[in-house]
Structure formats: structure tokens, C-alpha cells
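>>> Provided below are the primary sequence and the corresponding predicted coordinates.
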Amino acid sequence: MLEQLLIFTRGGLILWTCKEIGNALKGSPIDTLIRSCLLEERSGAVSFNYDAPGAAYTLKWTFHNDLGLVFVAVYQRILHLLYVDDLLSMVKQSFSEVYDPKRMAYDDFDETFRQLRIEAEARAEELRKTKQVGKPVTSVKKQGQVSKPGLEGGNKRVSSEGGSKKDDGDGGNKAKVSTLTNGHSNGNHQMEDDSQETNDLANGKENTSSNVAVDLSKLQKLRSKGVRGRGGVRKTDSIGNKSSKVAEPAKKATKKNRVWDDAAPKQSKLDFTDSIDENGNNDHVDIVAADQGESMMDKEEVFSSDSESEDDDEPGSDEKPAQAKKKGWFSSVFQSITGKANLERTDLGPALKALKERLMTKNVAEEIAEKLCESVEASLEGKKLSSFTRISSTVQAAMEDALVRILTPRRSIDILRDVHAAKEQRKPYVVVFVGVNGVGKSTNLAKVAYWLQQHKVSVMMAACDTFRSGAVEQLRTHARRLQIPIFEKGYEKDPAVVAKEAIQEATRNGSDVVLVDTAGRMQDNEPLMRALSKLINLNQPDLVLFVGEALVGNDAVDQLSKFNQKLSDLSTSGNPRLIDGILLTKFDTIDDKVGAALSMVYISGSPVMFVGCGQSYTDLKKLNVKAIVKTLLK
Amino acid sequence: MVLAELGGRITRAIQQMNNVTIIDEKVLNDFLNEITRALLQSDVSFGLVEKMQTNIKKIVNLDDLAAGHNKRLIIEQAIFKELCRMLDPGKPAFAPKKAKPSVVMFVGLQGAGKTTTCTKYAYYHQKKGYKAALVCADTFRAGAFDQLKQNATKAKIPFYGSYTESDPVKIAVEGVDRFKKEKCDLIIVDTSGRHKQAASLFEEMRQVAEATEPDLVIFVMDSSIGQAAFEQAEAFKETVSVGAVIITKMDGHAKGGGALSAVAATKSPVIFIGTGEHMDEFEVFDVKPFVSRLLGKGDWSGLVDKLQEVVPKDLQNELVENLSQGNFTLRSMYDQFQCSLRIPLNQLFSMLPGISAEMMPKGHGEESRVKMKRYMTMMDSMTNKELDSPNPKIFNESRIMRIARGSGRLVREVMEMLEEYKRIAKTMKGIKIPKNGDMSKVIPPQMLKQMGGMSGLQSLMKQMGSAKDMMGMFGGGGK
């Protein structure tokens, strides 16, 4: 039955709990609901499932936006209570009548709640009885059995039997359709060649029992059956025999050695490059590249939009006391002028649709834009519209708050502090860079190394991209320019083992941080994703960074969800390591289409820790949440 | 296959429309809304989607004036036509000629896959008989020349570059001149990645184009790019005269809408799509077969082209001769495996109608390939008598032991291979090839239905030259 029902304000003050239900909840489902669902603008969802050792709850909620109240119900998932939605609606309506912002205790609401609960349960019971009354007629028609209306279990049995009977009927229908199809095809055969009539009849009999072939293996089976139907081996004519005999000596003489590659004759010379000494210029490059100035990671960005934002806030605060005063004196007059009491779903529709289209043109994934608009709609429905305020501006303000909340990191993204903590434990801090092909993992790994160097942290690189041509040389070049040790074993090696040996080497040398470069891979490539999971399970890095480019469109949703899913499914431990943070690259190529950041953060729940905005080592910065939100909504 | 999700959604929308009894304005609007949503989720730009919707409504309304037309067929044809129009700018790309030097320049954003695509492009034309060469004019990115060098070495293609020269114009000019002297007829210039926000890099690209005077400039684009694709492609077009587009990374779950945006922005045709990191994961792009495949109708001409490319012509006749006599030996199976190893199996299966792309997860074809290689290793340990014998009873215990030792495999694996050979031989024995070329009795009825009945089969026969080629290759393709 119902485990708990809770009423609290948006500010977190608990106003009332159901005292009748004395059960202590296992774990903290309501805290998890608030943290994972309500705060991350997923409140448009229908319910929330909470899993903890020994507990499996379903939580449902509703809002009273005008009063700023939240109503949450908790019950066992296995029970599938049907009346919880109705109960929440009735409780919301009754409680809003007695709600006073100044009161802190509502003990007298207990009796009201008891009545509402009894009423909701009775209504659900009536609904069930109505269904039962309908069931016996149906079951009699289907099976000729007499059901027992009073028994709930009996009712379930009748339902399941009816369902299975339906399935059987459908199967029979499919079989009939299949028979007709095969017969028709075989008819075509008969019309074309009368001499094959007997064999075709045999084929028809065999094909009747088979299903329609969809994939290649079934087609193979059909060929086998066809073979049986056509009878025995045919005679080989004499000409064929003679030809075969003549060919045999030639075949014997022509057996060749196996060459696995295409046997094109190898060209004597492939490299037409002029030969010049390679070492001189690299030293020169070292001198030039060693110091390119301070990384943007340490600079605080100053945007003119910030001052604009301040200007916007100021008039609002000025107007506020005047508005309150006016409302006190002439509230009825303004109510009639606006002509709108509460916001309805139909009112919000056009504004939200326009807002969704705007988000999509800014490269937010369609699925994410849809969910955001649903969440904003849920938070605004029933709220009273302020005087002289347009619906579109209300919707925009709500969306702005939601976007800022989503993009603001909820936990620490201070890597330097984590590095120092790991240093005290005398073990290196391991960062693994993962992502799809061509997003700039190696380039941005070098930027992170440069930034860490500027903070007096000793860094080592691990070249675990053992597949792509030029990958090891690329990382070696970066290491040489930055004067950083690199651990690499060349190509065609197991990346997990290379990473493990790199970490051991770093522990011996006393390096503070190991940056692990991996090969790019498509999220649907099962063998490569398995290899990545092996690398992470074996080495247990401190940070798993997903490198994604800001140019990506709807594919960002698929990439991140599949990367996380693979890391979770293929994990060897009970607590799988998922993506800890996002490194957003190529930010300078998108102008105002900054939606990929929002898509990635929303789908993964991980914060953007770095933003790459160019190809030099200093082009690394933090994500400016306000600027992003302003660009998305302007 | 490519764009599996988009194709699936459009096909389902068409099926839902077919289930409706009467098609009125509401049904059409719901149908178009679903198509629109699928395209937007594939990152097609807003303007293109709106234009398509308007055009389809116009076509359907015009056709409604004529009485007795089949609305469903008209709508389906309108969808097909509009998708082809999106992807086809209406003019062909430059095609290099043999024995005459052509310069092709590759440009694109960072990380789009230009170097990999350059090598694939060169490898593709090398197999067609061209004398291809690569010039690495990417002097900016770390490891760029090493990457091209390693790729070129694997593909056995001559290359030119420099570790010391930092001016890409100079390297490009020197490389092109060098390979012209070497009588190469296809010289490919690889450049570094760039984007429209870096004006100096675009100026550099223009200089490289002026200095090398390319016959064709190819814009390489990553298929996962979102709404910024249109503007970037347009900027490249304004700086150099882009003549063709290649879309890369179509093997993931990428939406591929960037392809449509790139075509619209550059007004250039898509000539190839890249579907993986290996040299042979590279497909010629034809608009009508692609859209037909996208809508679940298969691509027979692509299948035939692929098979003809792989199977040597002299081997075709030999295979058909053996099959005609019911003589399927281990050598026949060996030859078929050898042909099959040159086809990426995922590409092959995606060309068959009725076989959904979602049934072919990535990496599945690779396992079949490994299995084939193992079998071929075992067959390399057999004698000529064993390979040519039509009777599998010749394999007694001592022969099996010898084969297992010689190839380094287990005895059980050798026996598994022989069992598989017997099964295939039994299947092949039942296939007789009639003299008059009547194929309908050979192909199973369900497959015949998928191909479109007799008319579909006849059109397929026209595309091929001979019925015997079909059968010989079909066996190989089946693996």
C-alpha cells in the first residue's frame, strides 16, 4: 500500500506528512527524486523509479505552482496502485484551501486526508468492479467458463487466459496468411513449367508448414527443402565429363601459395619525399612552443552581456514594491483588466512550440528540446500570470531558469584539488579521454597537459590509441613540444595493457597525472566499446572524460547514452564507472549554435569541465553558463 | 546500413498511412509531421525540411484534381522524389581520366576524416586501374604526415610530404610537379582541417587551390554534424569552388542530415560515403539507389556492381561450369571464400531487400570474415586430390589429422569445416541452371517476391549480362 505522502514547499520546508503510515522508508527516495528528477528539469516525466538494496519504490508527484507546493507519493513498485494520481489531485485541491504561508503545522489535515484516501480507494474499487462486471460476458463467449466475480485472483487468471487465447488466434491467422502466400507463389511456378508439376506439389506441401522467410538463414533452409523436393542427382553428360578430365591436369599444376593481402605487385618505391634531416627543426619548434602564454582556463571571461543582464535586473527590483502596493489597493481592477486567472496548457502551447524551434535551430537535439519544453510546461501549468506580463516572456524566463540549473555543475569540477589529494596518497591521478572519431581527443589532451603544467603538476601521457595511423606520432609530437614524458608501445597492442604499464611507470617516476589517450570509436561498434570497457575496468581511472565536439547534432544523444550504457553493461563490478565529465571541443566553429553543450549535459548528467576553442595550447577555457543560456534564448 | 533510423521512421510512417482507409487532409498532415520530425532529428536544416513539406503538399494537391488517382502511390512517389531532389544538385561531378593527370584537392573541417578519405579515394581508383598518388599538404596538425604515410604504406600508394617545410602551398606545388613527372594520372592533395571562423586558414586554402589548379575540390564532412553544417559548407564553397562532397562516419548511428545541408550549401553532388576506418569501407553514392535503400526497397544494381568488381571474370565462368554439373568441391568453396573476403559483408547485406539494416550490428561481419580465413588456412593444408574430390568420404581419420597439424587448428575445427562444406554442397546440388536463362525456378519464392516478381527479375537480368554470373556470385555472396 501507500508508503508515504509528503507535502513541502519549493524552498524545502516540509509542511505535512502522513502520520497514519508509520513505515520508515528504506534509503532516501524523496531526496533522490528531488536531486535526479525535479532539479534537472525532468519533472515532465510520469513517475520516478527508485532502486536501493531491499527497496523498490515508485514515486509520483504533482505541483501547485501558484502556491509553490510539491506533493509526492511513495509506494512499492510491485503494487501498481492505480489511485495515486487521483489521490494526489484531491490532496492538492483540499490542501490549497487550508494553506497559509504563515502556518507551519497542519495537524488537522490528517482527518481530511483519511477521508480523501478512503474515497480514492473506494473509487478505484468501483472501477475494478465495473471491469469485473464486463469480464464474465467476454470470458463466457471465449471459453465457456463461469468466472467468480468476487475473487481478484480469479479475475486475473481469466484475463491472462483470454490473452493467451487471443495470441493463439493471431498465430492461426498468420499461419493462414502464410499458407496463402506460399500457395500463390507455387501457383506461379506451375504456370511456368508443367513438367515440374510433381516437384512443385511436393514443394507446396513443404512450404505450407514454413513461415515467410525474412532473413538469409531462413532462405538457406528453404533452399535445402527445395533440394529434397526436386529429387536425386542428375546425370552428367559426356561433354561435361570430357571437359572436366581435360581441366584436371591444369588445376594440379596451378596451386599457389597463400597471399592474404591483395596480390598487387609491390612498387619498388612509395616514399617520394625529399630526404632532409628531421631533428633540427623540431628543436626549433620546442623553443617556440614551450611557452605560449597563460591558458584561458585560468582567465575569467568578461562578457558585455553580463552588464546587460544587470541592467535588466535593476528595473525589475525597482518596480516590485510599487507593484505590490498597487495590487493591494486595486487587485480586483487589475484582475479584470488582464482577463486571465491561471495559465492553462493550451495557453502555453504556442509559446513553447516557438521556443522549441528556436532551441533546435541553435543545435539542441530535438529529443532534448522536447523534454525541456514538457518540463517547463509542467512547472508553469496552473500558475497565476503576473499583471501586464506576456505569456511568451513568462515562458522564456522559466526556460532560462531551467537551462541555468541544468548547465550549472552540481559537484566539484576542481581537478587540481583532486590531483593534490591523489598526490598525498602517492599515486598518480589518471584521466582517460574517450569519444568518437575526429573530435579532437589528442589535441585537447595536450591542452589539458599544458594547463596542468602551468600549475606545477608533473604530467605523463599514455599513447593508448594503438590503431589509427599516425596516432602515436601525433601524441609524441605534442609530448616533445611540451617537454612531457610519454609512454607508448607502438601499434597493434592491447590499449588496456599499455595503460596499465603507463600507470606503473608513472608511479615509479613520481608523475602526478597520467593522461590516457584512446582511439576514437563509433558508439555502435561493439568490439571497440568492449575494449574501452576493458581498459576502464582494468585501470580504474580517477576521471573519465568524454570528448565531444560542439558541432555534433542529434547524434550527441546517441553517443553519450550508448557510451554510458556500454560502460555500465560491460562493467565487472557492481558500481560501474560512467562518464565523469565532458570536454567540449571546436567551440569556435559554431558561432551561436551552442546547443550541443546542453544536449550533452542533459543526457549524461555530467558537467562540462573544459571547453576547447582553438588549436593552440592556450585555447582551453571553462564553460560560461550565463553566456550559453543567453545565446540559446536570444 | 546508412541512416537506418531515418529510413525506418519514414517507412513506418508510410505503412501507417497505408493502413488508413481514407486519406484526407488530416492524415496527410499527420504523415508529413512525422516525416518532418524524423528529418529534423537527423539534423536536416530547418529550411530544407519546410521546403520539402511545401513541395509535397503542392504535388499531392495538384494530383488530387485528376480523378481516380491512387493517393497512396502519389504520396509515396512524392516522398521519393523530394528526397532525391534534396540529395541531387542536378549536375555530375568531375571524373578523372586515365593517362591524363588530374589533381584532386580535399578540404574540410578538423576531424572530418580527410586523410582517411584521401587514402580510401586513392585506393578505390587504384583498384580501378588508375595510378594514384598522395600529397600531404597538412603542415599544421601534429602527426599529420605520419598518418598519411602509414595509410599510404598500407594501401601501397606513392606519397609526398615533408617534416621540415611548413608552407603548405610549397609542398603542394612540389608534390604535384613530382608526381606529374612520374606519370601519375590521379594526384590527391590532402590539406589541414579548417573552419570559417579562421579567415587566415581559408586564405591559405585559397592559395593552395590557386597554386595547384585542381580539377576537383572535394569537401569532406562528418555525418554527425548538426545545424552548423550548412554555414560551414557554404563558407568553404565561397572560398574555393567545391565540386563534390564526401560524407564520412556513416557507420555509426549518425543521423546524416549534414549530407543534405552540405549538398544544398555547396550545390555539389555527394560522390562517396565513408562507412568505417578500413580502406574498403567506402561506397559510391548514387542518389536513387540510396533513397530506394533508405525506404527499404533494396539496391540491386549496387549489389551486382559490388559482386562483379570482386569476382574475376575468368573465375566466373569456371564457377558456373562446376555448378552446372553439380560439381561443388572444396576448391569451389575456397574460391568463393576468397571472393567474399574482399567484400565488406555489412555493405553486401544492406543491399538485399527485406533484410533490415538493424539486423546487422557492427562487427558481426568481422566474425564471419575471421571464420572464412580460418577455413581457408585449413584448405591450404589439403592436397589437390582432396580439394578436387566430389566425394567427401575421401577424408579419413589420418587425412584429417594431417590437415589439422598442417594448419595449426584443432581436429574438431577441421571436422566442423567439412560438415559445413557438406551442407553447402547439398544446397548447391539442388540448384540447376537452365539453359534458357529462366531464373525463376532457381530463386526461392519469397526472395522472388521481394525482388518485385517476374518484372523485377527481368530488370535485374538486364543489368547483368548473364544469368550464370549471377549464380556464381550468389554463392560467394551468401557467405
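Sure, I can see it. Residues are numbered from 1 along each chain as shown, chains lettered A, B, ... in the order given.

>>> from here on, just use CA atoms for contacts and neighbour counts.
Noted.

>>> now do the strands in the chain.
I'll assume chain A. With strands called from DSSP state E, chain A shows them at A:2-9, A:14-17, A:48-52, A:55-64, A:69-76, A:429-434, A:459-464, A:486-488, A:513-518, A:543-549, A:581-585, A:608-612, A:620-621.

>>> oops, I was thinking of chain B
Using DSSP E, the strands of chain B run over B:102-108, B:132-136, B:159-160, B:186-190, B:216-222, B:244-248, B:270-274, B:282-284.

>>> need those in a markdown table (columns: mean pLDDT).
Below are these laid out as a markdown table (pLDDT from 0 to 100):
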| stretch | mean pLDDT |
| --- | --- |
| strand B:102-108 | 91 |
| strand B:132-136 | 92 |
| strand B:159-160 | 91 |
| strand B:186-190 | 92 |
| strand B:216-222 | 89 |
| strand B:244-248 | 88 |
| strand B:270-274 | 85 |
| strand B:282-284 | 81 |
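
>>> chain A is nearest to which of the ones you listed?
strand B:159-160 (4.7 Å; C-alpha to the nearest C-alpha).

>>> please work out which residue of the stretch 201-350 of chain A is closest to chain B.
Using C-alpha to the nearest C-alpha, the single residue of the stretch 201-350 of chain A nearest to chain B is residue A:270, 4.2 Å away.

>>> can you get me a residue count around that residue?
By other C-alpha atoms under 10 Å in any protein chain shown, 16 other residues sit near residue A:270.

>>> and it, how far is that from residue B:176?
According to C-alpha to C-alpha, to the nearest Å, residue A:270 and residue B:176 sit 15 Å apart.

>>> and chain A, what are its domain boundaries?
When chain A is parsed into structural domains using the TED database, the resulting residue ranges are A:2-124, A:342-407, A:415-633.

>>> for chain B, find the nearest of those.
Nearest of the domains of chain A (C-alpha to the nearest C-alpha): domain A:415-633, 3.5 Å.

>>> gap between the two ends of the closest one?
For domain A:415-633, the end-to-end distance is 31 Å (C-alpha to C-alpha).

>>> can you redo the strands of chain B as TSV with mean neighbour count and distance to residue B:420?
As requested, those are exported to TSV (neighbours: other C-alpha atoms under 10 Å in any protein chain shown; distance: least, C-alpha to C-alpha, whole Å):
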stretch	mean neighbour count	distance to residue B:420
strand B:102-108	24	46
strand B:132-136	28	41
strand B:159-160	26	44
strand B:186-190	28	44
strand B:216-222	26	41
strand B:244-248	26	37
strand B:270-274	24	34
strand B:282-284	18	31
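
>>> got these as CSV, with distance to chain A columns?
Listed next are the strands of chain B as CSV, based on distance: least, C-alpha to the nearest C-alpha, whole Å:
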stretch, distance to chain A
strand B:102-108, 12
strand B:132-136, 9
strand B:159-160, 5
strand B:186-190, 13
strand B:216-222, 9
strand B:244-248, 10
strand B:270-274, 13
strand B:282-284, 16
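
>>> can you put those in a markdown table and add distance to residue B:384?
Converted to a markdown table, the strands of chain B look like this (distance: least, C-alpha to C-alpha, whole Å):
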| stretch | distance to residue B:384 |
| --- | --- |
| strand B:102-108 | 47 |
| strand B:132-136 | 39 |
| strand B:159-160 | 42 |
| strand B:186-190 | 43 |
| strand B:216-222 | 49 |
| strand B:244-248 | 45 |
| strand B:270-274 | 41 |
| strand B:282-284 | 37 |
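
>>> hang on, the earlier thing: can you put the strands of chain A in JSON lines and add mean neighbour count?
What follows is the strands of chain A, written out as JSON lines (neighbours: other C-alpha atoms under 10 Å in any protein chain shown):
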{"stretch": "strand A:2-9", "mean neighbour count": "18"}
{"stretch": "strand A:14-17", "mean neighbour count": "16"}
{"stretch": "strand A:48-52", "mean neighbour count": "16"}
{"stretch": "strand A:55-64", "mean neighbour count": "20"}
{"stretch": "strand A:69-76", "mean neighbour count": "20"}
{"stretch": "strand A:429-434", "mean neighbour count": "24"}
{"stretch": "strand A:459-464", "mean neighbour count": "27"}
{"stretch": "strand A:486-488", "mean neighbour count": "22"}
{"stretch": "strand A:513-518", "mean neighbour count": "27"}
{"stretch": "strand A:543-549", "mean neighbour count": "25"}
{"stretch": "strand A:581-585", "mean neighbour count": "26"}
{"stretch": "strand A:608-612", "mean neighbour count": "25"}
{"stretch": "strand A:620-621", "mean neighbour count": "24"}
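
>>> compare the mean pLDDT across the ones you listed and name the weakest.
Out of the strands of chain A, strand A:48-52 stands lowest, with a mean of 72 (criterion: mean pLDDT).

>>> stretch B:201-211 near chain A anywhere?
No: contact between stretch B:201-211 and chain A is absent, the nearest approach being 12.0 Å (criterion: C-alpha under 8 Å from any C-alpha of the partner chain).

>>> got the buried residues for that stretch?
For stretch B:201-211, the buried set under the neighbour-count rule, 16 or more other C-alpha atoms under 10 Å in any protein chain shown, comprises B:202, B:204-206, B:208-209.

>>> one step back: which stretch in the domains of chain A has the least confidence?
domain A:2-124 (a mean of 75).

>>> ok, which stretches of the stretch 401-550 of chain A are helices?
Assigned by DSSP state H, counting those that start in this stretch, the stretch 401-550 of chain A shows helices spanning A:415-424, A:441-454, A:471-482, A:495-509, A:526-539.

>>> ok, residue B:52 touching residue B:82?
Yes: the pair residue B:52 and residue B:82 qualifies as a contact (C-alpha atoms under 8 Å) at a distance of 6.3 Å.

>>> neighbour count winner among the two?
Neighbours per residue (other C-alpha under 10 Å) separate residue B:52 from residue B:82, with residue B:52 holding more: 20 against 17.

>>> residues contacting the more buried one?
residue B:82 (C-alpha atoms under 8 Å, 6 or more residues apart in numbering or on different chains).

>>> and stretch A:471-488 with chain B, contact?
Yes: on the criterion C-alpha under 8 Å from any C-alpha, stretch A:471-488 is in touch with chain B at A:471-475, A:477-478.

>>> what about the stretch 101-250 of chain A, any weak spots by pLDDT?
Residue ranges of the stretch 101-250 of chain A with pLDDT under 70: A:104, A:128, A:131-250.

>>> residues making contact with stretch A:489-509?
Outside stretch A:489-509, the residues that reach it (C-alpha under 8 Å, 6+ apart) are A:426-428, A:430, A:460, A:462-467, A:472, A:487-488, A:512-514, A:516, A:518, A:531-532, A:534-536, A:538-539.

>>> one more pass at 6 Å, please.
For stretch A:489-509, contacts defined as C-alpha atoms under 6 Å, 6 or more residues apart in numbering or on different chains pick out A:464, A:466, A:487, A:535.

>>> which of the residues in that stretch are buried?
Applying 16+ other C-alpha under 10 Å to stretch A:489-509 flags A:489, A:491, A:494-503, A:505-507 as buried.

>>> closest one to residue B:278 out of these, please.
Nearest to residue B:278 out of those is residue A:491 (C-alpha to C-alpha; 15.5 Å).
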